[in-house]
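Enquirer: Structure for this input, please:
(chains A and B)
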Amino acid sequence: MSATKKLGLRQRYEHMTRGLDWETTYQPMDKVFPYDEFEGIKIKDWSAWEDPFRLTMDSYWKFQAEKERKLYAVIDSFAQNNGQTQVSDARYVNVLKLFLTGVSPLEYAAHRGFAFTGRHLRGSGTRVACQMQSIDELRHIQTQIHTISHYNKFFDGMSEFPHQHDRVWYLSVPKSFFDDARTAGPFEFMIAVGFSFEYVLTNLLFVPFMSGAAYNGDMSTVTFGFSAQSDESRHMTLGIEVIKFLLEQHPDNLPIVQRWVDKWFWRGHRLLGIVAMMMDYMLPKPVMSWKEAWDIYFVEAGGALFKDLGRYGLKMPKFADVATAEAEHISHQNWCTFYQYCHAAPFHTWLPSAEHMDWLSEKYPNTFDKYYRPRFELWAEQAKEGKRFYNPSLVQLCQCCQIPMVYTEPGDPETICFRSTEFKGQKYHFCSDGCMEIFQHEPEKYVQAWLPVQQIFQGNCGGPTIPDVLNWYKINFGVDNLDYVGSPDEATWNAWHADKLKAAS
Amino acid sequence: MAVTAITPDYEAKTGPRDTQASYHGNILVYVHWEEHLFFCAALAFPLPPGMPFGALVSEVIAPNYAAHPDAAKIDWSKVEWVIDGEKVTPDFNASLEANGIGHKSLIRFWTPGLNGKAGH
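Expert: The predicted structure follows:
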């Protein structure tokens, strides 16, 4: 009888990756891996890559299958118990609409990005880690679609999210973020998404959405959050490993990596502005303010991280101080924008209630009462007179982040920050020094931006009028868009609650 | 700086997506009413370059800002104009082009005495 000795996890991992990085002989290695040198990154020893997880494929499938079973059990029970009637308020569902249109398609973009990167980095450890992350991201978008599909049976504005991701004005912001990362080289993609987004900023995306869901009675979303969270820790590890690896491999890598960190921190900060407004304005039961979350997850945690990375010579991202100062304003400025443009978005916005404004005053003692409350009060007066404000014109967009140029001068919250530069005789406009510097480093890339306002005026978006464009967006006017007050969602919610009151009496 | 690209002729194969030629004879013009953040950002309009500046004011700027309570009180003869960073006194009878307004110009204007209330 021959006793087969069982291999430990680490041995199984070595067994699995052994030889994955073989030297090709029919074709030169540089031809097989054409993408991993042009960015100027120098790698002396791919085998120095550390993969602390060493997850083998069979255990990966086992873990994921277990999580899926739990998630789908929760989704089933949520549906059977009519969980949609138990959330704090139907306004909350607009958070899911924002997530589904703005965030879920990024999971898919990340899946494609990591699949590409996994193929094109020649080290075996990176290849395995990237390919697992690629599969994770695909799983994330699937679980999100499945979870949110239950709400789609009862609420408007969710059914056309993939179509809208490629067309609607505010969705060009997340889309162009990932397009920018995916059209860079594989190392820049890793710093952009693996490090800056997944490691430095991810807590500011997932924690607010998931704790917001928990506070507002949406247990199905909490569960997909948990299901994704254990993957996130693997992704964060990949992000931190990649930056240490690049910085340890060659001193020439430092300035390249520093520029990428500066760029992707700023781009990520701009993108997360939608999370800021979600936290401060869209949760009927708010969890914490954006400013508080920024202080915990970026100022404290990010500060400690960059202190630690200081031993490699890496510095805090340029403009981190500007971003921290903006944490007092960004959610208010974004909500004011969506308030006046929600006729062109597939979700509803609304005025904060008196009680909610008091919460904002308490959370933003330096800014809310002085700069933002009066604006909401004027809009409330107008709405009361039947003149709810929708901005009839289109707006100026930033050439880099593609967000309407709504942000104000550092230190002057009453004046819009205008920046512009010329390239080959053409003018380009920017919302900030951060965005302008990104453009100036690679202008040939950003002059190609598909800016929604420009595209509408050029006649590429279904026609010249707002109804033409909404039709092209597949936004059902009067149903998917406009204020929450008076919407079919509100009517549905009120009908459910009238039934409950009747049943109770 | 140039793009770090894998293809050496990247620049030759790419170009801007919003040159004046794409706007069917119009130019793209940005307008911003200062001290009135009721309107979240500068507004964008595709306009014929031969349009008189006075028509820009009466047919484009005035109606698009009408929702603000200050809008009806604007005395256009007292407005202060900055076009592409230069303080100017526009000629209302001359065209946009003759007033130095080109493709993607930014027109900022201040209405002295009408500063919104705090925050609008």
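
Enquirer: number of nearby residues for A:Val32?
Expert: 12 (other Cβ atoms under 10 Å in any protein chain shown). Bear in mind the C-beta positions are built from the backbone N, C-alpha and C, glycine included.

Enquirer: Also A:Asp468?
Expert: 13.

Enquirer: That one against A:Gly462, yeah?
Expert: Yes: counting by Cβ atoms under 8 Å, A:Asp468 touches A:Gly462, with 4.6 Å between them.

Enquirer: Need the overlap of contacts for those two.
Expert: Contact with both A:Asp468 and A:Gly462 is made by no residue, according to Cβ atoms under 8 Å, 6 or more residues apart in numbering or on different chains.

Enquirer: For chain B, what is the nearest residue in chain A?
Expert: Among all residues of chain A, A:Pro374 sits closest to chain B, at 3.6 Å; criterion: Cβ to the nearest Cβ.

Enquirer: Hmm, B:His120 and that residue touching each other?
Expert: Yes: A:Pro374 lies in contact with B:His120 (Cβ under 8 Å); the separation is 5.8 Å.

Enquirer: The residue of chain A closest to chain B sits in which helix or strand?
Expert: Using DSSP states H and E, A:Pro374 falls within helix A:373-384.

Enquirer: what's that helix packed up against?
Expert: helix A:354-363 (3 or more Cβ pairs under 8 Å, 6 or more residues apart in numbering or on different chains; DSSP states H and E).

Enquirer: For the helix it packs on, what is the distance to the chain centroid?
Expert: Centroid separation for helix A:354-363 versus its chain: 26 Å, with Cα atoms, centre = their mean, to the nearest Å.

Enquirer: picking up where we left off before, give me the number of residues near the residue of chain A closest to chain B?
Expert: Residues near A:Pro374, counting by other Cβ under 10 Å, number 16.

Enquirer: And the pLDDT at it?
Expert: A:Pro374 is assigned a pLDDT of 96 by the prediction.

Enquirer: Nearest to the spatial middle of chain B, which residue is it?
Expert: With distances taken as Cα atoms, centre = their mean, the residue of chain B nearest its centroid is B:Tyr30 (2.4 Å).

Enquirer: Now do the SS call for it.
Expert: Judged by DSSP: H, G, I helix; E, B strand; the rest coil, the three-state class of B:Tyr30 is strand.

Enquirer: got it, and B:Ala44?
Expert: Assigned with three-state DSSP, B:Ala44 falls in the strand class.

Enquirer: ok, back up a step: just the buried residues of the helix holding A:Pro374, please?
Expert: With burial defined by 16 or more other Cβ atoms under 10 Å in any protein chain shown, the residues of helix A:373-384 counted as buried are A:373-380, A:382.

Enquirer: How about stretch A:184-192?
Expert: The neighbour-count check on stretch A:184-192 (16+ other Cβ under 10 Å) flags A:184-192 as buried.

Enquirer: what sits against A:Leu55?
Expert: A:13, A:63, A:132, A:234.

Enquirer: what kind of secondary structure is it in?
Expert: The three-state assignment at A:Leu55 reads coil, by three-state DSSP.

Enquirer: Now do the same for it: its pLDDT.
Expert: Looking at A:Leu55, its pLDDT is 81.

Enquirer: next one: A:Pro105
Expert: Listed pLDDT for A:Pro105 reads 97.

Enquirer: ok so, going back, can you sort out which of the buried residues of stretch A:184-192 also neighbour chain B?
Expert: Among the buried residues of stretch A:184-192, proximity to chain B is found for A:184-185 (Cβ under 8 Å from any Cβ of the partner chain).

Enquirer: Tell me which of the buried residues of stretch A:184-192 fall in helices.
Expert: If you go by DSSP state H, the buried residues of stretch A:184-192 have A:186-189 in helices.

Enquirer: Can you point out the buried residues in the least confident helix or strand in chain B by mean pLDDT?
Expert: Ranked by mean pLDDT, DSSP states H and E, the weakest helix or strand in chain B is helix B:10-13, scoring a mean of 91. Going by neighbour count (16+ other Cβ under 10 Å), nothing in helix B:10-13 comes out as buried.

Enquirer: just stretch A:403-418 next, same as before
Expert: Residues of stretch A:403-418 classed as buried: A:403-408, A:413-414, A:416-418 (neighbour count, 16+ other Cβ under 10 Å).

Enquirer: Give me the subset of the residues you listed that also touch chain B.
Expert: With Cβ under 8 Å from any Cβ as the criterion, these include A:404-406, A:408, A:414, A:416, A:418 near chain B.

Enquirer: Just give me the least confident of those.
Expert: Lowest in pLDDT among these is A:Glu414, which has 95.

Enquirer: returning to that earlier point: in the sheet, which residues pair with the residue nearest to the centre of chain B? Tell me.
Expert: Beta-bridge pairing of B:Tyr30 under DSSP bridges involves B:Ala44, B:Leu106.

Enquirer: show me the contacts for the residue nearest to the spatial centre of chain A.
Expert: In chain A, the centroid-proximal residue (Cα atoms, centre = their mean) is A:Val103; its distance is 5.1 Å. By Cβ under 8 Å, 6+ apart, A:Val103 lies in contact with A:144, A:174, A:205, A:209.

Enquirer: The last one - how many residues pack around it?
Expert: Neighbour count of A:Phe209, defined by other Cβ under 10 Å: 25.

Enquirer: Apart from its neighbours in sequence, what residue is nearest it?
Expert: Distances taken as Cβ to Cβ, 6 or more residues apart in numbering or on different chains place A:Phe99 nearest to A:Phe209, at 6.2 Å, with adjacent residues excluded.

Enquirer: sorry, back to before: does the residue nearest to the centre of chain B touch B:Leu43 like I think?
Expert: Yes: B:Tyr30 is in contact with B:Leu43 according to Cβ under 8 Å; the separation is 7.0 Å.

Enquirer: Next, show the common contact partners of those two.
Expert: Counting by Cβ under 8 Å, 6+ apart, the contacts common to B:Tyr30 and B:Leu43 are A:Gln396.

Enquirer: could you pull out the strands for chain B?
Expert: Under the criterion DSSP state E, chain B contains strands at B:27-33, B:43-47, B:80-83, B:86-88, B:105-110.

Enquirer: Can you tell me which of those is packed in deepest?
Expert: Mean neighbours per residue, mean count of other Cβ atoms under 10 Å in any protein chain shown, is largest over the strands of chain B for strand B:27-33, with a mean of 23.
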